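In: Have a look; sequence and predicted model below, questions after that.
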Amino acid sequence: MRQSNIGWLFLTPATLILFVVGFVPFIYILYVGFFDWNTNAVDPTLRWAGLQNYRSLVFDTTFLNSLARTLVFAFFVVVSELLLGYVLARALMADRLWGRQFFRTIHTLPIVVAPIAVGATWRLLCVPGFGIVPYYLKLWFGIDYNISTNAYHAFVTAIIMDLWHWTPFVTLSLMAGLTALPKEPLEQAQIDGGNKLQIFWYVIVPMLKPVLLTTVFIRLMDALRSVDEIWMLTKGGPAEATRFIGLHIWINVFPKTDYGYGAAMSLLTLYVTIVLSWLLFVAMTGRKGGAQ
Amino acid sequence: MNSFVKAVGVGFISLGLWSSTALAQDSWWKTAAQPYQGATIRGISESTPASKYVEQVLGPKFTEETGIKVEFEATSWDQMYDKAIKDMEANTGIYDFVYIEQDIVYTYLARNFLVDITKSLADNAKIASPDFKPENFTTFLNYFKDPKSGDVMGVPMEAFIKPYLYRKDLFDDPAIQKAYKDSTGADLKPATTHEEYTQIAKFFTEYGADKELWGTTVQASSSHPAAFYEFFESVAPTFGVYNWGIDGTTFAATEANGGQMNSAAAKKALNYWIGLLKYAPPESTSSTWDEVAGTFAAGRAAQGLVYGENAAWIATDESKSTVVGKVGVALPPVEAGVMEAAESGKGYIGYYDGGAFGIPHSSKNKDASLLFLQYIGQASVQTDWALAGSRIVMNSTYDDPKIVDQDKKMNGYYTLMREDGKLFAGAPPFPFHAQVLQVVAPFIYKAIVGEIKPDDALDQAATAAEAELVKLGYRK
């Protein structure tokens, strides 16, 4: 009994911090979401709006497009990074790879670059008229690549930039997971005559599932709230082609000072993220709860 | 011998008088700053040539004279607003002076963000410098006065017009003049109408096809407010569309309700401006004000509307510009009747931009900051500042020999600013500046990339702007 009380005592600081930085802002946003509040309005005070902000969101095509765009972006980057990360993890674990440590280091470097610097660097690479990417795409393939006029180019570039930045994280996670796998089930599967694909799908994937799940969750949540890199690369453009939901919320909350509406958007986005994560969890584990 | 002694004597007396004067000048700042010795004041501004001069020259000089340390953050336009506004809203007091762009001042005044400089100096005469005289400033100071009280709320630190720059070397080249005449039947000279401007742009784009030269700059970033500003503040006025097309009393934006945002003139203006993109370098759709200046300085455009803050370095700084000595300056081309309207004070032909430094109410070092703002508001610091940033905020600066000399090198930019500055105007006095911008700009971006036609863009923008003004409570 005494040990239990001491445990609570140790937990108190962390609990308090979590309460202050997590729970309190959440409640505040929940509260603000029910009000019409713009400090630049003629009446800058909070005015009760009930569910009006949420009702407006349902018909706000800019918001819905932004959300849909974000989901498509998140889908492409998470799936691509998972596949690419797995291939790279296996490659970097291969005993026969010459200079393995060197490649591992080089491969890992993008993770330590600040997102804002990544965005700025890619912008410099891709800016029309001066960037080397449009220059060589034109020179070698005759492609008129322009991220400031072509929505498709901008969107694909945003995905490639994200892959460059975050695939190494997936690679490292999967390398750790693969290294920790027990050898016996793999050997048993080989003895039983399983081919590589069968061993991968029926032995490796199930054993790697906890690592996969964690990695996918982290990347999914990151992709859904991507702001800084995109802001530097395209500022959400051309037009609204890369205005992902994080950017859209930022524009509404800060330059537009539409706090009530911005709060409602944030909460709805949080809800979508939770639902997506839960669906993913169910799909990957077959369980509907967090524990069995 | 006798005359030598006299000369030496006079020399010593002169030196003594000079040094005593200098010491007396120094001593006022030192005495006034005595209670704030060791204090640090922090400021934030957009990274412009004028701001960099404050960061690199005026801040350190002030510290040297007063012992008050100046920490200065020169950052991007977006970051500058974001950080300053958050600081003032949250009352955190990180910044002791902030850049107030001419177009945001009405928002800051409406939200009571700023310290009243006139009143503060009147209340504390000990820190009121005898060298700080608001009457010395140009009328640009009026933008930073409280419309109700007339009190000064910000000390102007940059002011410039957005002129029409052209490549004088190309325009004056006899071979090019002949080619232009053969091609168009007209004489090559700076455009005074939009048709002429387009014709020149087209000619130079064809002429420069293999020379990395295009006919015009266009500040048409497809995702940055710079595009909104170029259209509504620099191009639309030349077609007679003022104040972004929003009626200042009814806050109507649509033509149906008395606004001008989607009027025939506004649509003609947007079609003209979007049409220029085919004669502009490829970077134009990602160009903000900085990139436009860079494009012109790199010799990639024959003409363009360029913010005047960049005019000095483009025309004179060989380390940054390839067109030194080749820059001509003129007034922007206009539609018939617009110039007459501007001359009579009923309209304007372009944007008179600039900003001031003000003190947020949240500042924890208001008195020390007041000293600094007065320091940069002295007539004696203005000339070198103007040379570095092609900005003039005091009438006396125009007559300084150094400025007269630079004016010659810039083919009369300062003369143009002095004589024709009255034809330009600052942003409309709207406290909802940022809100309307965020609502309208996406339609301009869509028109730039061809997602929608310019006419539809303005129809939708005007409707959206009006809805936003209703939501904000300005329009009933």
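Out: Perfect, thanks for sending it.

In: who in chain A is up against chain B?
Out: Residues of chain A lying near chain B by Cβ under 8 Å from any Cβ of the partner chain: A:38-44, A:62, A:127-130, A:134, A:146-151, A:234-240, A:251-252, A:254-258. (Glycine included, C-beta is placed from N, CA and C.)

In: Counting neighbours, what do you get for residue 219?
Out: Using chain A here. Neighbour count for residue A:219, taken as other Cβ atoms under 10 Å in any protein chain shown: 23.

In: Correction: the question concerned chain B.
Out: Residue B:219: 29 surrounding residues under other Cβ under 10 Å.

In: pLDDT score assigned to the nearest residue to residue B:470 once chain neighbours are set aside?
Out: Spatial nearest neighbour of residue B:470, excluding adjacent residues (Cβ to Cβ, 6 or more residues apart in numbering or on different chains): residue B:476 at 7.6 Å. At residue B:476, the predicted lDDT confidence score is 85.

In: now residue B:430
Out: In this prediction, residue B:430 carries a pLDDT score of 90.

In: ok, now how distant is it from chain A?
Out: 10 Å (Cβ to the nearest Cβ, to the nearest Å).

In: Now name the helix or strand holding that residue.
Out: Using DSSP states H and E, residue B:430 maps to neither a helix nor a strand.

In: Around chain A, pick out the residues from chain B.
Out: So chain B meets chain A at B:81-82, B:85-86, B:89, B:107, B:110-111, B:221-224, B:281-283, B:285-286, B:295, B:300, B:431-432, B:434-435, B:437-439, B:442, B:445-446, B:448-451, B:471-474 (Cβ under 8 Å from any Cβ).

In: give me phi/psi at residue B:390?
Out: The phi/psi pair for residue B:390 (degrees, to the nearest 10) reads phi 40, psi 50.

In: Return the distance of the residue nearest to it when sequence neighbours are not counted relative to residue B:411.
Out: Nearest non-adjacent residue to residue B:390, counting by Cβ to Cβ, 6+ apart: residue B:312, 3.4 Å away. Distance from residue B:312 to residue B:411, counting by Cβ to Cβ, to the nearest Å: 12 Å.

In: neighbour-wise, which of those two wins?
Out: A count of neighbours by other Cβ under 10 Å puts residue B:312 above the other of residue B:312 and residue B:411, at 25 against 19.

In: now that one: how far from residue B:329?
Out: Applying Cβ to Cβ to residue B:312 and residue B:329 gives a distance of 11 Å.

In: Show me what the helix or strand where residue A:282 lies is packed against.
Out: Using DSSP H and E, residue A:282 maps to helix A:259-285. Helix A:259-285 sits against helix A:24-32, strand A:35-36, helix A:52-59, helix A:61-93, helix A:205-224, helix A:245-253, with contacts defined as 3 or more Cβ pairs under 8 Å, 6 or more residues apart in numbering or on different chains; DSSP states H and E.

In: Please spell out which residues along that helix are buried.
Out: For helix A:259-285, a neighbour-count test (16 or more other Cβ atoms under 10 Å in any protein chain shown) marks A:259-269, A:273, A:276-277, A:281 as buried.

In: so the residue of the stretch 101-250 of chain A found nearest chain B, which of the three states?
Out: The stretch 101-250 of chain A approaches chain B most closely through residue A:237 (2.4 Å), counting by Cβ to the nearest Cβ. Of the three states, residue A:237 takes coil according to DSSP: H, G, I helix; E, B strand; the rest coil.

In: Leaving out chain neighbours, which residue sits closest to it?
Out: That would be residue B:223: by Cβ to Cβ, 6+ apart, it lies 2.4 Å from residue A:237.

In: Test my guess that that neighbour contacts residue A:232.
Out: No: Residue B:223 is not in contact with residue A:232 according to Cβ atoms under 8 Å; the separation is 11.4 Å.

In: Give me the more crowded residue out of these two.
Out: The residue with more neighbours, out of residue B:223 and residue A:232, is residue B:223; 30 against 19, by other Cβ under 10 Å.

In: can you pull the contacts of that one?
Out: Contact partners of residue B:223, counting by Cβ atoms under 8 Å, 6 or more residues apart in numbering or on different chains, are A:148, A:234-239, B:286, B:445.

In: before we move on, back to that, using JSON lines, lay out the helices and strands packed on helix A:259-285 together with mean pLDDT.
Out: What follows is those, written out as JSON lines (pLDDT from 0 to 100):
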{"stretch": "helix A:24-32", "mean pLDDT": "94"}
{"stretch": "strand A:35-36", "mean pLDDT": "95"}
{"stretch": "helix A:52-59", "mean pLDDT": "94"}
{"stretch": "helix A:61-93", "mean pLDDT": "95"}
{"stretch": "helix A:205-224", "mean pLDDT": "92"}
{"stretch": "helix A:245-253", "mean pLDDT": "94"}
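
In: now, of those, which is deepest in the fold?
Out: Across the helices and strands packed on helix A:259-285, averaging neighbours per residue (mean count of other Cβ atoms under 10 Å in any protein chain shown) puts helix A:245-253 on top, at a mean of 22.

In: okay, the angle between that one and helix A:24-32?
Out: Angle, helix A:245-253 to helix A:24-32, by axes from the mean of the first three to the mean of the last three Cα atoms, to 10 degrees: 60 degrees.

In: what sits against residue 260?
Out: Looking at chain A here, since you left the chain open. Contacts for residue A:260 (Cβ under 8 Å, 6+ apart) come out as A:32-38, A:46, A:49, A:53.

In: you looked at the wrong chain, it should be chain B
Out: By Cβ under 8 Å, 6+ apart, the contact list for residue B:260 reads B:241-242, B:245-247, B:253, B:266.

In: Just name the closest of those to residue B:94, please.
Out: residue B:246 (33.4 Å; Cβ to Cβ).

In: Now do residue A:97, the pLDDT please.
Out: At residue A:97, the model reports a pLDDT of 74.

In: May I have the secondary structure class of it?
Out: coil.

In: Quick check, pLDDT for residue 199.
Out: Let's take chain A. Residue A:199 carries a pLDDT score of 92 in this model.

In: nope, chain B
Out: According to the model, residue B:199 scores 98 on pLDDT.

In: which residues in the stretch 101-250 of chain A form helices?
Out: Secondary structure of the stretch 101-250 of chain A (DSSP state H, counting those that start in this stretch): helices at A:115-126, A:132-141, A:151-179, A:183-191, A:196-199, A:205-224, A:228-233, A:245-253.

In: got the contact list for residue 110?
Out: All of this is about chain A. Residues in contact with residue A:110 (Cβ under 8 Å, 6+ apart) are A:118, A:164-166, A:168.

In: Sorry, I should have been clearer: chain B.
Out: Residues counted as contacts of residue B:110 (Cβ under 8 Å, 6+ apart) are A:40, B:431.

In: now residue A:123
Out: A:232-234.

In: Leaving out sequence neighbours, find the closest residue to the residue nearest the centre of chain A.
Out: For chain A, the residue sitting closest to the mean C-alpha position, by Cα atoms, centre = their mean, is residue A:223 at 1.9 Å. The spatially closest residue to residue A:223, leaving aside those adjacent along the chain, is residue A:74, at 3.8 Å (Cβ to Cβ, 6+ apart).

In: Which parts of the stretch 351-476 of chain B are strands?
Out: B:424-425 (DSSP state E, counting those that start in this stretch).

In: Where does pLDDT dip in it?
Out: Nowhere does the stretch 351-476 of chain B drop to pLDDT under 70.

In: Just want the phi and psi numbers for whichever residue of it sits closest to chain A.
Out: Closest to chain A within the stretch 351-476 of chain B is residue B:473: 3.3 Å, counting by Cβ to the nearest Cβ. Per-residue torsions, residue B:473: phi 90, psi 10 (degrees, to the nearest 10).

In: Same check on residue A:142?
Out: Dihedral pair for residue A:142: phi 70, psi 20, per degrees, to the nearest 10.
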